[in-house]
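Engineer: Predicted model and sequence follow; I will ask about them next.
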Amino acid sequence: MSTYTEKIREISQRLLKECKVEMVIGFRQGTLPMMNEPCIVRKPEEVERLVWDSNCGINLANYLTNRKEKIGVVAKGCDSRNIVTHILENKIKREQLVIIGVPCQGMIDKRKIAAGVQGEILSVAEADGEVTVQTAAGAQTFKKAEVLQQNCSVCTHRNPVIHDEMVAEPVAEQTGVDPYADVAAIEAMSAEERWKFFEELLAPCIRCYACRNACPLCYCPTCFVDESKPQWVGKGQDPIDVRTFHFLRAYHCAGRCTDCGACERACPVGINMRLLTKKLNKDCLALYGWEAGLAEDKRPALDTYKANDPENFIH
Amino acid sequence: MKVIKIDKNQWSQGLEQLRNAFRLFGPVGNGKASSIQELAPGQAPDLTFANTRLSPKNLVFPQSEVMLNYSLDPDDPERNILKEAPKDYAPRAVIGMRPCDAKALSLVKMNFDTDQYQDPYWLNLYNATTFVGLACDAPASTCFCTTAGCGPYHEEGLDVLLVSQKDGYLAKPLTDKGDQLLKAAGWSQAADADKVIADAKAAAEARIVSKVESDSLRAADTMALYGAPFWEDISFACLNCGTCTFSCPTCWCFDIQDEAYRKKGVRIRNWDSCMFPIFTVHTTGHNPRDTKLQRVRQRFMHKLKYFVDKYDQGIMCVGCGRCVRQCPVNIDIRRVSAMMNSMASAAQCAVGGK
Amino acid sequence: MENPYLPYPVRIDDIVVESEDRNLKTFKFVFLNPEDEQKFAYRAGQFAELSIAGVGEIPIGIASSPVEKGFIKFTVNKAGVVTSHLHNMQVGDVMGVRGPLGNWYPWDMLEGKNVLIVGGGFAFTTLRSSIIYMLDPANRKKFKNINVVYGARTPGMLLYKDELIEWEKRDDIHMHITVDGTKDPNWKYNVGFVPPITEQKAPQGDADSYAIVCGPPIMIKFTQPVLEKLGYDHDHIILSLENRMKCGIGMCGRCGIGRELVCKDGPVFTLAQINRTPREY
């Protein structure tokens, strides 16, 4: 059992026993390899349910929206940045939270592993930076660094930016990674190539809205795609409507997205819609020097106006 | 009807011959996942797949389908009058769908084909299609068909069952439609293979390792299950996306929408999901299933209790395991069924013990 | 195969503004193809989908009565996309009607019985249909005493005022009209919410008496204990439910409550049936 798991249980038990929180939101062991399930623990004796490993990619900030209780929440780097964003956007109050910080070393991309083995994956174990996968054909070992979610492999905020407890010493942040290489590659395409690229990217979409619903930023009481008065977008599978959904959703996340990867991870048909949000992250950084969720005392880029704000992208 | 043996060298030739009478559909893989698609001339179905990522329900129930059309042209004397949209119901055959997905069609048929009303869109596509199933010799660890009233060699809903052999296929015709398809393909070599198929079936069934638990649910009290204490625990992680319902072969809920542009318009139906908050919201803003607890409970209660009570034909699930594999937060119907079932059986024991 | 999604084309023959806030209008439709009227044979308590090309459909209770021939009527509250559009349509415009849909009040069972009707607000539509049906000379003798408690917020919000006045004058139906409040010094009927007026005016329940209740959820909630007190059993209390619907024929799954579909198995249920069903309406 990982020391993170032990420490999370220990802290959670203490917080519950001392009535510092009414509940702890964390992960429990899933029923499938590489899947853990977000869960609530309300009683000190139930903390044994809580686990931590490299399959905790769901962003738990998503479960805090508009809650009224006093909550202990397990938070890796990106979760903590979304908690900051939630606080700035009045979706939760800082004083409601006891943040159990988890220095993160990246989450496993189950699709990468599935693509690297023959047959069904029966179990997955990790130790010492390696991931061992059992299939009917036998065991296969991967370097964890090679099977990380893409957003994790270029992440430079692995440690929680705010926390009340820490389950371990901070990990070293990655340096020398280029988070926006994939966006730059798309920017380098001709307009026709780009059109084709996005056409193919979004073609498999079934509009289940798993991306939207997994995203901690998408908390609108009624999403624009669900509005009927007025109806902004058609509800069928017309590609124009499908793209309208994805493009507008990405814009709604501009200056707010932490590239936690929850959207891509949740997608049942394997669409990397992060390519849309990341372009806006890249622009926000280039134009305003802004990265979302790093500080509780700074207003987001699109929430402030300065006379010398760049505006040459407005046509 | 006799089992027919199809040698490997007769396979693609027979498929091409079928094209004279049918549009052909079958599983096509792209290296990551497979889906049922229309097969281009010369394209053979990929029968090495585990199962398609999404269920083949779109064969008879497209995700978006035009139902009616109309003119909005002020100069058209027929304007504003809804008309039936033209449809192609030429014979089609799907080659190689899994038995679980065929059984699902026969469950869904109970909804779309009733004494009082028949849904013409679903039924016309269903009747136009000949379903050739591929028996499942290598089920996944998430398959639980044998406890869901189904099985890897289940025949219900199929016209032909194909059993894979080293040197080709055994084809078991199950209906007249299936018999005719085999004849149209020119496959006619009778084989005495009942025992081979029975043995393969038993072996395949033995490979199913997981289960749904529902034996006590028929007799259970609906309102007691509805008020059970476990729904918060089950529903907490749910994102209220439509992955489970859209990937499910037995989910049939739909929405009806009008889409008009300038002088023409259509009325279409789209898949819908009881997981979406707007599914049930009234015009007043009142929403009878306003919380995700209520919505998650609705999905499981519908599949495992309401459907059972309504039709007495078992649960509304065939054990394909798609929702288990694809739920982004790992909500697992096997776990939920066990919780519901054990509550129901405990209640029965309590009554019996009085 | 009949296509149950295909509406009958109808022409708007008349539009009456029913309420002082102008949010309630009664639309009278005539079938473009006269033979469609035969196919649309309905019973009091059923509903239909009003269908507007390019806009959508909305399920509305049928306000006209099976004994009224040559037209059908619906009273529509302006609320959502379709009803707002409908309120802007004109006499002569063509649209569609799909139905009749759902079940009806249990007329066979009600024969030889006392009938108490309790209605509130604009949910009075299918109750109007029922009253006209029961008062028809060919039908009146089939029923014993008929009592009606009907309330609205103000006198100006009462539907079908001419008919209410006419029924008030008859001796084969006992009307108990009420409003929540009024400043009209000439108001000669009751003032008060529907539940207490029911308690004061409605006859006692017994094995030969049934109550039909149709109104906003809050009215239903507070009327139920009153009816229980008066002695109406749960299987003698008949309710008409509303839920969000699309297909209206039990296919699309939207209006399900437990094993029942409000559109096809309902909208009419006894309270005894509803007690066995999750209250998700």
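Structural biologist: Perfect, I can see it now.
Engineer: Can you name the residue of the stretch 1-150 of chain B that approaches chain A most closely?
Structural biologist: B:Ser64 (3.7 Å; Cβ to the nearest Cβ). In short, each C-beta sits where N, CA and C put it, glycine included.
Engineer: which strand residues sit across from that residue in the sheet?
Structural biologist: Beta-bridge pairing of B:Ser64, defined through DSSP bridges, involves B:Asn270.
Engineer: My guess is A:Phe212 contacts A:Arg249. True?
Structural biologist: To be clear, residue A:212 is Arg; Phe isn't right here. Yes - the pair A:Arg212 / A:Arg249 is scored as a contact, 5.9 Å apart, by Cβ atoms under 8 Å.
Engineer: Which of the three states applies to the residue nearest the centre of chain A?
Structural biologist: Closest residue to the average C-alpha location of chain A: A:Cys260 at 2.7 Å, with Cα atoms, centre = their mean. The assignment at A:Cys260 comes out as coil when based on DSSP: H, G, I helix; E, B strand; the rest coil.
Engineer: list the contacts for it?
Structural biologist: When contacts are counted by Cβ atoms under 8 Å, 6 or more residues apart in numbering or on different chains, A:Cys260 touches A:59, A:78-79, A:81-82, A:151, A:216.
Engineer: Make JSON lines from those and add secondary structure to it.
Structural biologist: Shown next, in JSON lines, are the contacts of A:Cys260 (three-state DSSP):
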{"residue": "A:Asn59", "secondary structure": "coil"}
{"residue": "A:Cys78", "secondary structure": "helix"}
{"residue": "A:Asp79", "secondary structure": "helix"}
{"residue": "A:Arg81", "secondary structure": "helix"}
{"residue": "A:Asn82", "secondary structure": "helix"}
{"residue": "A:Asn151", "secondary structure": "helix"}
{"residue": "A:Pro216", "secondary structure": "coil"}
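Engineer: Turn these into a markdown table, columns for distance to chain B and pLDDT.
Structural biologist: As requested, these are exported to a markdown table (distance: Cβ to the nearest Cβ, whole Å; pLDDT from 0 to 100):
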| residue | distance to chain B | pLDDT |
| --- | --- | --- |
| A:Asn59 | 11 | 97 |
| A:Cys78 | 16 | 97 |
| A:Asp79 | 14 | 97 |
| A:Arg81 | 19 | 98 |
| A:Asn82 | 15 | 98 |
| A:Asn151 | 15 | 96 |
| A:Pro216 | 11 | 97 |
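Engineer: Tell me which of A:Arg212 and A:Arg249 has more neighbours.
Structural biologist: For A:Arg212 versus A:Arg249, the count of surrounding residues by other Cβ atoms under 10 Å in any protein chain shown is larger for A:Arg212: 25 against 22.
Engineer: How is the more buried one assigned, secondary-structure-wise?
Structural biologist: The three-state assignment at A:Arg212 reads helix, by three-state DSSP.
Engineer: on that earlier part again, quick one: common contacting residues for A:Arg212 and A:Arg249?
Structural biologist: Common contacts of A:Arg212 and A:Arg249, defined by Cβ under 8 Å, 6+ apart, comprise A:Cys218.
Engineer: just for chain C, where's the confidence low?
Structural biologist: By pLDDT under 70, chain C has no low-scoring segment.
Engineer: Now with 80, please.
Structural biologist: Per-residue confidence of chain C (counting by pLDDT under 80) places the weak regions at C:1.
Engineer: Just list the residues touching the residue lying closest to C:Cys252 once chain neighbours are set aside, thanks.
Structural biologist: Once its chain neighbours are removed from consideration, C:Cys252 has its nearest residue in C:Lys246; the separation is 4.5 Å (Cβ to Cβ, 6 or more residues apart in numbering or on different chains). By Cβ under 8 Å, 6+ apart, the residues touching C:Lys246 are B:254-256, C:57, C:252, C:254.
Engineer: would you list these in TSV and tack on distance to B:Pro74?
Structural biologist: TSV is the format used below for the contacts of C:Lys246 (distance: Cβ to Cβ, whole Å):
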residue	distance to B:Pro74
B:Phe254	32
B:Asp255	29
B:Ile256	25
C:Glu57	22
C:Cys252	32
C:Arg254	34
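Engineer: Among those, which one lies nearest to chain A?
Structural biologist: Distance to chain A, by Cβ to the nearest Cβ, is smallest for B:Asp255 among those, at 6.5 Å.
Engineer: What residue, apart from its backbone neighbours, is nearest A:Pro204 spatially?
Structural biologist: With Cβ to Cβ, 6+ apart as the measure, A:Val269 is the residue that lies nearest to A:Pro204, at 4.2 Å, once sequence neighbours are left out.
Engineer: Can you tell me the SS state at the one you found?
Structural biologist: Going by three-state DSSP, the secondary structure assigned to A:Val269 is coil.
Engineer: correct me, but it touches A:Leu202?
Structural biologist: No - taking contact to mean Cβ under 8 Å, the distance of 10.1 Å between A:Val269 and A:Leu202 leaves them out of contact.
Engineer: and A:Arg28, that one's in a strand?
Structural biologist: Yes - assessed by three-state DSSP, A:Arg28 belongs to a strand.
Engineer: what's the burial count for it?
Structural biologist: Under the criterion other Cβ under 10 Å, the count of neighbours that A:Arg28 has is 19.
Engineer: same check, this time on B:Gln43
Structural biologist: If we define neighbours as other Cβ under 10 Å, then B:Gln43 has 14 of them.
Engineer: Helix, strand, or coil at it?
Structural biologist: Reducing the assignment at B:Gln43 to three states with three-state DSSP gives coil.
Engineer: Could you list which residues are in contact with it?
Structural biologist: Shown here is B:Gln43, whose contacts under the criterion Cβ under 8 Å, 6+ apart are B:Val28.
Engineer: what do you get if the cut-off is 10 Å, keeping everything else the same?
Structural biologist: B:12, B:15, B:24, B:26, B:28, B:37 (Cβ atoms under 10 Å, 6 or more residues apart in numbering or on different chains).
Engineer: what's the distance between it and chain C?
Structural biologist: 33 Å (Cβ to the nearest Cβ, to the nearest Å).
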